[in-house]
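Enquirer: Have a look; sequence and predicted model below, questions after that.
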Amino acid sequence: TYFDEDCFEPGEDFRDAIVAHIEESKLFVLFASEASLKSSWVNFELDTVYWETIKKKGIQVLVLNLDNVEIEHFPEWMRKAKIQPIDNIKIATQIILDKLSDFIKEETLYVGRAKETEQFNKNLFAKYSNFPNVIALSGLEGIGRRTFAKRVIYERFNLKYELEIHIKDYEGIDELHRYLISDNITSMSQIEKEEEINTFITASDEEKYCEIARILAEYSSKYAIPVLVDDGGLLDNDGYYRKDVLNVLKIFAEKFKDHYLLLVHRRYPKLKTVDSDLVYTLKIGELSFDEIFQALDTLLKRNSITSTNKADIEELAKYLDGYPPALYYAVKECSIYGIDVVCGDKRKLTDFKSGLFTGYLNSINIEELGETILKLIYNFEVLDVNTMSILLKIAREGICSELIKLIDFNLVYTTNGNYYRISSPIKVAIGRR
């Protein structure tokens, strides 16, 4: 923490000192008032924080609004942050303490995702006020979509990730409303819920879309972000948002611009060109080798599991395929049997990964051509479209059409632009099919 009376040396250039201290900071707190936002020094600090945020991709910004300053008086890049009105110094103190506590907790547990974080921040600051308030994350189950969301949503918008509503078999807009009410997104008694559901059924479609958007926005106003987890109910068979869902998203985006909604998918969601700016979508892939190695090393030490041979940890990290659940499973096995035994017999680890994804592969009904492409890429490790077309004696159009589906389901990833590989966590499951 830096105070001008304690931390700046006499005769020191204030501008250089401010920049230096901000560069060392993890959290920047702005006490916003009409006077502070007119201060040349405060504006210099805000400019510095803006550029430092882009560079560091990690400094958090907390805005406490003391005078109910109108949103247009804040810098444009800051308007997408959660600006909290404050009229009590004790409340302000508690908010700062909670922020620091959560920050320290997340720093301790969170590893990697530099690439995804950089991409998210770049798009956020590039679009300023045009950044969509509906955010979608796509990736394999267990890959870390929620962990990434909890961190980035809190850092950038000061919103907590608390409530998940799982949308399974979708039977229409009434069913979506029932999901929201049943998950107690609003504080209602059981009788009130039943009355609300009955009233909703008799409303027009437009009124239903507006009501669902309002319910989501109401929850978002409580410093938390509502999360819809797609367990098969949000997208149609072609991967586009269902008509009813799309209409709700449009109304939410238009009428509740200061609120946010998070969607979590296993399949990459599609939007028609006319709606392409409605949702910001980001893919979450497996962790890199360096990231999974760092996480493994940290968890082993945290569980007092030591190894004098760094090669053992590196060997084990390779078998994790950048998949967080495999990481935790391996650490548990090491705590029981020791690193030497786990490294010497990795069958349980490979069985674990295969078991997780066998059911998933069966559930998405891959076409015969898709199965053939998966096996082909598996055997060659990486392939381009032309080679697949020659080997399978199938036109490029057919190959590309099926590849799109496999990529949307996060089974295949591009590498070096023109080559394709199997998603690392599912390689064992593909090999055993």
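Expert: Thanks, I have it. Residues are numbered from 1 along each chain as shown.
Enquirer: contacting residues for residue 217?
Expert: With contact taken as CB atoms under 8 Å, 6 or more residues apart in numbering, residue 217 is in contact with 252, 255-256, 259. Using the backbone N, CA and C atoms, a C-beta is placed for each residue, glycine as well.
Enquirer: in this structure, which helix or strand is least confident?
Expert: Lowest on mean pLDDT, DSSP states H and E among the helices and strands of the chain sits helix 4-7, with a mean of 49.
Enquirer: From residue 18, how far out is residue 64?
Expert: According to CB to CB, to the nearest Å, residue 64 stands 20 Å off from residue 18.
Enquirer: got a pLDDT number for residue 164?
Expert: Looking at residue 164, its pLDDT reads 83.
Enquirer: Can you name the residues bridging to it?
Expert: Counting by DSSP bridges, residue 164 forms beta bridges with residue 227.
Enquirer: Which single one of the contacts of residue 217 is nearest to residue 170?
Expert: For the contacts of residue 217, the closest approach to residue 170 (CB to CB) belongs to residue 252, at 17.5 Å.
Enquirer: Am I right that the closest one is in contact with residue 218?
Expert: No. Under the criterion of CB atoms under 8 Å, residue 252 makes no contact with residue 218, lying 11.3 Å away.
Enquirer: Looking only at neighbour counts, state which of those two leads.
Expert: residue 252 (26 against 14; other CB atoms under 10 Å).
Enquirer: Could you list the low-pLDDT ranges of the stretch 301-433 of the chain?
Expert: Within the stretch 301-433 of the chain, the stretches with pLDDT under 70 are 308.
Enquirer: If you could redo that for the stretch 151-300 of the chain, that was the one I meant.
Expert: Residues of the stretch 151-300 of the chain meeting the criterion pLDDT under 70: 183-188, 221-222.
Enquirer: At which residues are the strands of this structure located?
Expert: For the chain, the strands defined by DSSP state E cover 27-32, 60-65, 83-85, 134-138, 160-167, 224-230, 261-265, 280-283, 382-384, 412-415, 419-422.
Enquirer: residues in contact with the fifth one?
Expert: Translated: strand 160-167. In contact with strand 160-167 (CB under 8 Å, 6+ apart) are residues 146, 149-150, 153-154, 176, 179-180, 183, 185, 219, 223-234, 262, 264.
Enquirer: try 10 Å this time
Expert: Defining contact as CB atoms under 10 Å, 6 or more residues apart in numbering, one finds that strand 160-167 is touched by 82, 98, 102, 146-147, 149-154, 175-176, 179-180, 182-185, 216, 219, 222-235, 242, 245, 262-264.
Enquirer: Now the buried members of the residues you listed.
Expert: 82, 102, 146-147, 149-154, 176, 179-180, 185, 216, 219, 224-230, 233-235, 242, 245, 262-264 (16 or more other CB atoms under 10 Å).
Enquirer: Surely residue 408 and residue 138 touch.
Expert: Yes. The pair residue 408 / residue 138 is scored as a contact, 8.2 Å apart, by CB atoms under 10 Å.
Enquirer: what's the overlap in contacts for the two?
Expert: Contact with both residue 408 and residue 138 is made by residues 265-269, 283, according to CB under 10 Å, 6+ apart.
Enquirer: closest to residue 330 among those residues?
Expert: Distances from residue 330 to those, taken by CB to CB, are shortest for residue 266, at 23.3 Å.
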